[in-house]
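# Here is my input, please return the structure:
(2 chains)
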Amino acid sequence: GQQLNQSPQSMFIQEGEDVSMNCTSSSIFNTWLWYKQDPGEGPVLLIALYKAGELTSNGRLTAQFGITRKDSFLNISASIPSDVGIYFCAGPPNSNSGYALNFGKGTSLLVTP
Amino acid sequence: DTGVSQDPRHKITKRGQNVTFRCDPISEHNRLYWYRQTLGQGPEFLTYFQNEAQLEKSRLLSDRFSAERPKGSFSTLEIQRTEQGDSAMYLCASSSPWGRQETQYFGPGTRLLVL
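Residues are numbered from 1 along each chain as shown, chains lettered A, B, ... in the order given. Presented below is the predicted three-dimensional model:
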């Protein structure tokens, strides 16, 4: 499937700092999903974006669907230790009629107290 | 709504053995998906069902893999003659017919280790 490129690959920050990560694709996506995965667990849905330009918040998390439909970013404000985990972007490519999701390789976040 | 559940959570097997995993989707979710995730990678799509019909399979799903969803509720994924390369986390997800079908909710996964 089409590749989703996530950056940065990893981040090591102090508690209280804001975090920004992004996801880009060479093809158009109609939906962007952001998931968080803890070690040994399945991904948990954080935010879903369905419209180009859409900006959606979920508590301290904010995500935006890029105007070109080829990118999305996720911001976390005032990070806390429980934000530690791997953050994945995902979406069904425009050409995919079955809603099978393509995932990026993830951004690993470490937060020190 | 108890979320997607998967059983077992962990499985260790010897090469050449068959294994079967079960997934129970969120109740009333008509679509059920299987993904595989290896270390350092995001999940990769294997197959999905709408009700009891298997509608799509990826090229990752070799002929040693078979999935069923006989009554349109729970699903099983069987791997025959396991190989060491099958070691991975197997994830199940489901989506609602009344929401956006691409918005998928994942279970906790079954971690398979083939020795």
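
# Where does the prediction get shaky in the chain?
No chain specified, so I'll use chain A. For chain A, applying pLDDT under 70 flags the ranges A:1-2, A:94-98.

# that answer is for a different chain, and I need it for chain B
Where chain B drops to pLDDT under 70, the residues are B:1.

# How about the residues of it by chain A?
Chain B has residues B:4, B:6, B:31, B:33, B:35, B:40-45, B:48, B:55-56, B:58, B:91, B:93, B:95, B:100-109, B:111 near chain A, with proximity defined as Cβ under 8 Å from any Cβ of the partner chain. All C-beta atoms are positioned from the backbone trio N, CA, C, and that covers glycine.

# mind redoing it with 6 Å?
Taking Cβ under 6 Å from any Cβ of the partner chain, the part of chain B that reaches chain A is made up of B:41-43, B:45, B:56, B:91, B:101-103, B:106-109.

# what about the closest residue to B:Q84 other than its chain neighbours, neighbour count?
Using Cβ to Cβ, 6 or more residues apart in numbering or on different chains and skipping the chain neighbours, the partner closest in space to B:Q84 is B:V114 (5.0 Å). Applying other Cβ atoms under 10 Å in any protein chain shown, we find 19 residues neighbouring B:V114.

# give me every residue that touches B:V114.
Contact criterion Cβ atoms under 6 Å, 6 or more residues apart in numbering or on different chains gives B:13, B:15, B:82, B:84, B:86-87 as the residues in contact with B:V114.

# From those residues, list just the buried residues.
B:13, B:82, B:86-87 (16 or more other Cβ atoms under 10 Å in any protein chain shown).

# If whatever residue of chain A ends up closest to chain B is in a bridge, with which residues?
For chain A and chain B, the shortest gap (Cβ to the nearest Cβ) falls at A:F103, measuring 2.9 Å. Legend: beta-bridge partners of A:F103 under DSSP bridges are A:A90.
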